[in-house]
Structure formats: structure tokens, C-alpha cells
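Engineer: What shape does this take:
(one chain, ligands or ions: 1)
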Amino acid sequence: MAGSSGTKFPGNIAISGATRVTGIFGDPVAHSWSSYMHNAAFAELGLDMVYVPWRVRAEDLENAVEAIRSLNLVGVNVTIPHKVAVLPYLDEVTPQARLIGAVNTIHNQDGRLVGYNTDGAGFLESLRREAGVDPKGATVMLAGAGGAARAVAMALAAVGARRIVFANRTLERARDLAGAVAVAVPSCEAHAIVLDEAVLRQRLAGVDIFINASPVGMHPAVDQPPVVEPALFPPGILVCDLVYNPLETRLLRESRERDLKILTGDGMLLYQGVLAFEIWTGRQAPVDIMRAALKDALG
Ligand code: NAP
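Structural biologist: Here you go, the predicted model:
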């Protein structure tokens, strides 16, 4: 890989018989940005490794996972729609991934496939390093109750968030998730509310961190009204969006215009990748190089 520049289209990629292979399984994967940051990081550290996106259909997932062993891949990331379905095919799943109920990183440890989830920890790293916020003791509101909300909530609860309020379009899903968090981390108070303006008006007081964990505002629906009207946010709140395309969503732009602190979703994407890189290589990831490659790719 000598000579790769860490830009969108690294040149002089020298793949030999010794090159170790990582990648991502998903469907679709054409939108995946991870290859840019991982290939740039391998080049930066002079590692003879490469990252390849593979489109894997649901019916082929078991065979694809078996191929990690038979082709002796270092490991792969797993994305939509396989994060939950992949669990039964693994030899071991970390306690954190088991709690989240989803795996986004597989490591091939001498033929033994171990599943991790770096999404929640990636959000925590982004929160700490990019926003300078420690969620210990915080009251958090999450809009959404899907896979991303679950990963982030379990990670926040595990590091001592005091209260998490799930605001979701479908109340039942928010209740299920609040119940799962309460069982997993009894010290964290978990509540469920419906995503409705009148309810939000009452429940946003005292919230320290708001996180949009729904796809609202994602490209191409960039003008879609945000899940919460930013005028409802209390002063001093940190507003986070997990959507990273566009980098600054309408929710974040309008919150910033109201002088609120904001956190963009690319940080979670970056740090889940940083953690996966460190699992696969055992080396400290070149975070700045990965951030630059990601920013380059995201435009
Ligand atoms: P998911 O499992 O499909 O869950 C989506 C959630 O959003 C559900 O709770 C759904 O509510 C809610 N929702 C969908 N459309 C809505 C609408 N129009 N109005 C209000 N609520 C709506 O998806 P996910 O995997 O959790 O991902 C959610 C988003 O997080 C993705 O779009 C992605 O942009 C982002 N994400 C970012 C990262 C990162 O690294 N930054 C990682 C993962 C995900 P119902 O329950 O009512 O259907």
C-alpha cells in the first residue's frame, strides 16, 4: 500500500499475496464511506492491508461469514441489513454487542469469529473528544428507537447517564427500548414518550443532551422539518444528530443559529471506524488521517 495518499482515490495500491484483507458486508454498500478512512489509515501506518466493500444479500450472509474464515480475512464491518442477523453465525459476541443485540465489527482470531459493536462506543468517543462532554449524570433525550438509538443508549447508560428519554413516532418501540435499558443498567432511569410537539414541550426541560437517532433530515430530504423544532430546546443543551449526510442537518443548522452547541454525526462514524481499526490491527489508529479521509469522501 506504499504511496497511498489518504485522499478519496489513493494511488499506487500494491496488492500482493501477503496483503491482508478487511471490508464491509452490507446491502447496499455503494454509499459506504468506511473504505476511504480505513485504506487511508492502513497507508499511513504502512500496513499491508486493504478494505473492500462487498454487497452481500440477506440469503448469502451465512456463506459470506464463513468466507471470513475460508479466505482468512482479518475481519469485516457489518452494516444494514445484517447487524442483527449475523449474530448466530459468530463464535463469540462481546457483552456490549450482546446488550445492543447487534454486531458491526467481526474479528477473525485464528478462525474464531468474534463480534463487536463499536457504534455506541464510537458515539461516546465523539461526544467526549469533539464536544468535550462527559455524559455521566446527564439527562439525555433520544429521538428514535431503532438500532442506532439502541447502540447509543446502551453505551450512555453503561457510562452513567442518569436518565434517558426515548421519544419515538411509535410509542411501543420506545417502551420496548426503555425496558431493555432499565433491565441492562438499572441505575439509569429510562422513559418512553411519543414524538409529539405538545409532549416534547413538557419533557425537554432539564435535558442536557438531545440526539436525533432517526433518519429525519438525511439526504435527499434535507428540508424535512426536524424531529424537534429547535425553538423548543432549553438553553445550554447539546444538540447531536447521528445523520452525517449532510454533515450539518437542518436540525443542527437551526440549533446553531439559536446559539446552541451542536455535534455532527460524522464523529460517530469516524470513531466506530477508529475502534474497529484498533481491534483488527492492535495498533493505535491515525485518527486525524481517518478524519481527513472521511471529510474528503463526504465532501
Ligand atoms: P432504524 O433502525 O430504521 O430506526 C429508525 C428510527 O427512526 C425508528 O425509531 C423510526 O420510528 C424513526 N423514524 C423513521 N422515520 C421517521 C420519521 N419520518 N419521523 C420520525 N421518526 C422516524 O434506523 P437506525 O439504524 O437506528 O438509523 C437511524 C439513523 O441514524 C440513520 O438514518 C443514520 O443516518 C443514522 N446513523 C448514523 C450512524 C453514524 O455513525 N453517525 C450510525 C448508525 C445510524 P418508528 O419506530 O416509529 O418507525
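
Engineer: distance between the ends of stretch 66-78?
Structural biologist: Start and end residues of stretch 66-78 are separated by 14 Å (CA to CA, to the nearest Å).

Engineer: is the ligand contacted by it?
Structural biologist: No - applying CB under 6 Å from any ligand atom, one finds stretch 66-78 separated from the ligand by no less than 11.1 Å. In short, each C-beta sits where N, CA and C put it, glycine included.

Engineer: Pull out the buried residues from that stretch.
Structural biologist: Neighbour-count burial for stretch 66-78 flags 67-68, 73-78 (criterion: 16 or more other CB atoms under 10 Å).

Engineer: For it, give the mean pLDDT please.
Structural biologist: For stretch 66-78, mean pLDDT is 98.

Engineer: And the contacts of it?
Structural biologist: 20-26, 34, 49, 54, 86, 89, 103-108, 111, 113, 273, 276, 279-281 (CB atoms under 8 Å, 6 or more residues apart in numbering).

Engineer: Which members of these occur in strands, if any?
Structural biologist: Counting by DSSP state E, the contacts of stretch 66-78 place 20-26, 49, 54, 105-108, 113 in strands.

Engineer: Tell me the one of those nearest residue 130?
Structural biologist: Within the ones in strands among the contacts of stretch 66-78, the smallest distance to residue 130 is 20.9 Å, found for residue 105 (CB to CB).

Engineer: ok now do the residue positioned nearest the centre of the chain, which residues does it touch?
Structural biologist: The structure's the chain has its C-alpha centroid closest to residue 119; by CA atoms, centre = their mean the separation is 3.6 Å. Taking CB under 8 Å, 6+ apart, we find residue 119 in contact with 100, 102, 104, 148, 151-152, 268, 272.

Engineer: What is the nearest of the buried residues of stretch 66-78 to the ligand?
Structural biologist: residue 77 (11.1 Å; CB to the nearest ligand atom).

Engineer: tell me the contacts of the closest residue to the ligand within the stretch 1-150 of the chain?
Structural biologist: Distance from the ligand to each residue of the stretch 1-150 of the chain (CB to the nearest ligand atom) is smallest for residue 146, at 1.9 Å. With contact set as CB under 8 Å, 6+ apart, residue 146 has these partners: 173, 213-214.

Engineer: The same query, at a cut-off of 10 Å, please.
Structural biologist: Counting by CB atoms under 10 Å, 6 or more residues apart in numbering, residue 146 touches 168, 170, 173, 177, 213-215.

Engineer: Thanks a lot, catch you later.
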